[in-house]
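1. Below are the sequence and a predicted model; questions follow.
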There are 2 protein chains.
Amino acid sequence: MNLTISKTEFYNTLQLVSRAISPNSPQTSLRGLKIDVKDNSMVVTGSDADISIQHTITANDKNKLNILEEGSILIESKYLLEIVRKIDSEEIHVEIIDGSLTKFSGNSAVFKINGMNPHDYPTIDFSKPANSVVISSSVMSDIIEQTTFATSIKETKPVLTGVNFHLSDNTLCCTATDSYRLAKKTIPFTSSDNFNVTIPSKSLNEVKSTMIGDDSGEIQIYLNDKKAQFVNEDMILQTRLLDGGYPETDRLIPKEFKYTLEINRSDLIHAIDRTTFIKTDNMTINRLQCSTDEVVLTNKSQEIGESHETLVGTFTGEPLDISFSGNYVMEAARSIRGDKLKIEFVGEMRPFILSSEEDPTILQLVLPVRTYN
Amino acid sequence: MNLTISKTEFYNTLQLVSRAISPNSPQTSLRGLKIDVKDNSMVVTGSDADISIQHTITANDKNKLNILEEGSILIESKYLLEIVRKIDSEEIHVEIIDGSLTKFSGNSAVFKINGMNPHDYPTIDFSKPANSVVISSSVMSDIIEQTTFATSIKETKPVLTGVNFHLSDNTLCCTATDSYRLAKKTIPFTSSDNFNVTIPSKSLNEVKSTMIGDDSGEIQIYLNDKKAQFVNEDMILQTRLLDGGYPETDRLIPKEFKYTLEINRSDLIHAIDRTTFIKTDNMTINRLQCSTDEVVLTNKSQEIGESHETLVGTFTGEPLDISFSGNYVMEAARSIRGDKLKIEFVGEMRPFILSSEEDPTILQLVLPVRTYN
């Protein structure tokens, strides 16, 4: 391998691809980035076995890729990033000089780095599954922002650490739950395909970080029952799927309500946020007391003290006294678009729903907590 | 106690004073900020027993301090900061309502927080020592930036964790060393006083963070053999001094040199910085080979690989081959002002000096390391 390439373009690619890497992976080869140079292009691959990213640089005027000799190298990601970021020239020269010893040259600075054998890198199957859908970047971005926060962080039920994507009857339904709250995004989606897969939350957040920039454009998603592959112009992000059936959640979502609170969304978020330092057993528990006369948010901890805030809102129904995790309600309210928030309740110990008429595709459900006031 | 005050002014004061606090101090009262309201002013005190900060807010149009009743409270710093930062009004109302239960009110938001008994707060003697000097903020800022990085982080010789301030014969000499390098700032200083004290590096960095803003103005320093007190308009920062005689360092500084390298300061810094990822035993060791023909900086690690960079510089003397900690030389070079750096050597295993004709007040000494190339 022997080539020159624009430092900036090379660095941007390395940064993107290295996001898939666990720098301290016990499998040494996975700490590396694999660079394959062939047919007028450079392909950079990184993986942590669950997520794999592959970015292709095809020679053009901007990236100034000039290939003198094809070949492959595997180099520890952190060294590669440091060298390319700090090199003292606009273009960098990369050349294998002996086995896996690779030379990087700038103006005066020269590095000879011990690479690894590219044949030690695991074989990653980047073949495209047959099923595929196209989704706009902005819709994909909304799905990720509005659901991933509600996935479980515990590995006890692995399938709950992902977001379930269920396409049937021209409706795409994306669901996330950690058993205490649930986020559900429902969008009309014209497609002859049907699928029901659960994608790890971490992978979706990487899709957002690496593939969704200015929210324009489209992402192609290829799916089978083992993997999902997100593809745009130069890049492939591939992730394993989570095994196991995703729980049936529709029956958990109440359809009829006895109480409704309409409130300014950011007022509620700020009011809860002011009280987050008042913790009981390391949780922020807020109590909401509503009547047609008054809406009051409080928080009380034996140790720290208490808060009391009257909110401006429109409540309909009998007086209601309900307690919940302040962080869950804040995260749910933050994920919804629009100024006005509607919260619908069934009872003091029953799940309640946050939604907005300005954004009917998203529904957030939160379970109350029992308190002993 | 009963008062109203501008949220912004109050918050700024709390932020400054809380810098003295160890949030998880085993002494519960030291996790708190003490607020004393008396005679048209509010005095806020925070301390970790080593460093104490006291800030006084005297009622004026800007801070809108309006005292309805005098008194004292002691409240956990982190709660106070959260409440004042997030309160829903421009002015905040603070009132002791029962013992140490304190009420904070904004527009709609009300907090009742369990304070601590202000009598449990340790007595901090803020009396002013008799000896005092006045120093410009910009000079104080330079002293701190150019010396503190060279103090020791090990507690084995506690006196080396501070910067020695030695005033005699109208010369102020500030010295820091960790035994492997030494920073020495020498400035003419007209004063009838003489002193020789060692101030903890941490305290000096707090002086910089809290008292030195736009580098204008002056700081008054009051000193005795136990403490140093830094005073500006509204604020006192007081620190204990380090016990024990500071080592005599002048004899360590070579006066005659056999080799001189003149080099662009930022070129050297960048060249070393490019190689910092090449570590041997977790240290970046650079080798500098100088002759009148060529100046070459290298770094080599069995595991990672090697770097080679030719530098543009003017070397006088017999050929020299010397190795050093890259981080020590980078920090020393960064602390010196000006474009041109002069490095003077006595021999390959003798300390060398970094200085600049553009900034003759500062001298940096670094010990070489032995390598087995």
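-> Ah, there it is.
2. hang on, residue A:253 packs against residue A:364?
-> No - using CB atoms under 8 Å, residue A:253 is not in contact with residue A:364, being 10.4 Å away. (Each C-beta comes from the backbone N, C-alpha and C, glycine too.)
3. Which one of the two is surrounded by more residues?
-> Set residue A:253 next to residue A:364 and count neighbours by other CB atoms under 10 Å in any protein chain shown: residue A:364 wins out with 28 against 13.
4. Now do stretch A:74-81: distance to the chain's middle.
-> Offset of stretch A:74-81 from its chain centre (CA atoms, centre = their mean, to the nearest Å): 25 Å.
5. thinking again about what came up before, please identify every residue contacting each of residue A:253 and residue A:364.
-> Residues touching both residue A:253 and residue A:364 (CB atoms under 8 Å, 6 or more residues apart in numbering or on different chains): A:182, A:184, A:353.
6. can you pull up the bridge partners for the second one?
-> Right, residue A:184. Beta-bridge partners of residue A:184, counted by DSSP bridges, are residue A:175, residue A:363.
7. outside of the strand or helix carrying residue A:36, which residues touch it?
-> Assigned by DSSP states H and E, residue A:36 belongs to strand A:32-38. Contacts to strand A:32-38, defined as CB under 8 Å, 6+ apart, come from residues A:1, A:3, A:14, A:17-18, A:21, A:42-46, A:67, A:69-77, A:80, A:94, A:115-116, A:118, A:121.
8. again, but for stretch A:157-168
-> Residues outside stretch A:157-168 that contact it (CB under 8 Å, 6+ apart) are A:133, A:143-144, A:147-148, A:151-155, A:172-179, A:189, A:191, A:193-204, A:241-247.
9. What's the PyMOL line that selects buried ones from those residues?
-> In PyMOL, this line selects whichever of the contacts of stretch A:157-168 come out buried by 16 or more other CB atoms under 10 Å in any protein chain shown:
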select buried, chain A and resi 133+143+144+147+148+151+152+172+173+174+175+176+177+178+189+191+195+197+198+199+200+201+202+203+204+241+242+246
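10. Which of the contacts of stretch A:157-168 fall in helices?
-> If you go by DSSP state H, those have A:143-144, A:147, A:201-204 in helices.
11. about what we covered before: ok, and of the contacts of strand A:32-38, which contact chain B?
-> Within the set of the contacts of strand A:32-38, contact with chain B (CB under 8 Å from any CB of the partner chain) is found for residue A:76.
12. Weed out the non-buried ones from the contacts of strand A:32-38.
-> For the contacts of strand A:32-38, buried by 16+ other CB under 10 Å: A:1, A:3, A:14, A:17-18, A:21, A:42-46, A:67, A:71-77, A:80, A:94, A:115-116, A:118, A:121.
13. Select from the residues you listed every entry located in helices.
-> Judged by DSSP H, those include A:14, A:17-18, A:77, A:80 as members of helices.
14. Show me the two of those residues that sit farthest apart.
-> The largest separation in these, counting by CB to CB, is between A:17 and A:80 at 9.8 Å.
15. of all the residues in the stretch 151-300 of chain A, which ones are close to chain B?
-> Counting by CB under 8 Å from any CB, the stretch 151-300 of chain A sits next to chain B at A:270-271, A:273-274, A:276-277.
16. Which PyMOL command selects the buried ones in the residues you listed?
-> In PyMOL, selecting the buried portion of those, with burial taken from 16+ other CB under 10 Å, looks like this:
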select buried, chain A and resi 271+273+274+276+277
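17. mind listing which of the residues of the stretch 151-300 of chain A next to chain B are in helices?
-> Here DSSP H is the test, and those give A:270-271, A:273-274 as lying in helices.
18. Please identify which of these is nearest to residue A:322.
-> Distance ranking of these against residue A:322, using CB to CB, places residue A:271 first at 15.0 Å.
19. Tell me which residues touch residue A:40, please.
-> The contact partners of residue A:40, taken as CB under 8 Å, 6+ apart, are A:58-59, A:65, A:67.
20. Residue A:82 sits in which helix or strand?
-> Per DSSP H and E: helix A:77-86 holds residue A:82.
21. which secondary structure elements does that helix contact?
-> If contacts are counted by 3 or more CB pairs under 8 Å, 6 or more residues apart in numbering or on different chains; DSSP states H and E, helix A:77-86 sits against helix A:7-18, strand A:32-38, strand A:109-114, helix B:265-274.
22. Make JSON lines out of these and add distance to residue B:110.
-> Compiled in JSON lines, these are given as follows (distance: least, CB to CB, whole Å):
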{"stretch": "helix A:7-18", "distance to residue B:110": "48"}
{"stretch": "strand A:32-38", "distance to residue B:110": "55"}
{"stretch": "strand A:109-114", "distance to residue B:110": "62"}
{"stretch": "helix B:265-274", "distance to residue B:110": "53"}
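23. Take those and lay them out in CSV including mean pLDDT and distance to residue A:138.
-> Output for the helices and strands packed on helix A:77-86, formatted as CSV (pLDDT from 0 to 100; distance: least, CB to CB, whole Å):
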stretch, mean pLDDT, distance to residue A:138
helix A:7-18, 97, 20
strand A:32-38, 98, 30
strand A:109-114, 98, 41
helix B:265-274, 98, 40
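24. Determine which stretch of those is the most buried.
-> Of all these, strand A:32-38 carries the top mean neighbour count, a mean of 23, counting by mean count of other CB atoms under 10 Å in any protein chain shown.
25. What pairs with that strand, parallel or antiparallel?
-> Strand A:32-38 has its sheet partners listed here by DSSP bridges as strand A:41-47 (antiparallel), strand A:71-76 (antiparallel).
26. mind giving me JSON lines with those strands and columns for mean pLDDT and distance to residue A:128?
-> Output for the strands paired with strand A:32-38, formatted as JSON lines (pLDDT from 0 to 100; distance: least, CB to CB, whole Å):
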{"stretch": "strand A:41-47", "mean pLDDT": "98", "distance to residue A:128": "15"}
{"stretch": "strand A:71-76", "mean pLDDT": "97", "distance to residue A:128": "22"}
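27. so which of these gets nearest residue A:264?
-> strand A:41-47 (44.1 Å).
28. How about the contacts made by residue A:107?
-> Contact partners of residue A:107, counting by CB under 8 Å, 6+ apart, are A:88-89.
29. Ok, the one 10 residues further on next?
-> With contact taken as CB under 8 Å, 6+ apart, residue A:117 is in contact with A:74, A:100.
30. Same question for residue A:232.
-> Applying CB under 8 Å, 6+ apart to residue A:232 gives the contacts A:211, A:217-220.
31. now with 10 Å?
-> A:137, A:207, A:210-213, A:217-220 (CB atoms under 10 Å, 6 or more residues apart in numbering or on different chains).
32. what's the answer for residue A:357, then?
-> By CB under 10 Å, 6+ apart, residue A:357 lies in contact with A:262, A:338, A:340-342.
33. Does it belong to a helix, a strand or coil?
-> Following DSSP: H, G, I helix; E, B strand; the rest coil, we place residue A:357 in the coil state.
34. if I look at it, how far off is residue A:141?
-> Applying CB to CB, to the nearest Å, the value for residue A:357 to residue A:141 is 22 Å.
35. residues near residue A:59, how many?
-> 16.
36. Assess the claim that it and residue A:68 are in contact.
-> No - the criterion here is CB atoms under 10 Å, and residue A:59 misses it with residue A:68 at 11.8 Å.
37. where do the contact lists of these two overlap?
-> residue A:3.
38. bridging residues for whichever residue of the stretch 101-250 of chain A sits closest to chain B?
-> Relative to chain B, the nearest point of the stretch 101-250 of chain A is residue A:113 (3.8 Å; CB to the nearest CB). Assessed by DSSP bridges, residue A:113 has beta-bridge partners residue A:102, residue B:305.
39. Nice, that's everything, thank you.
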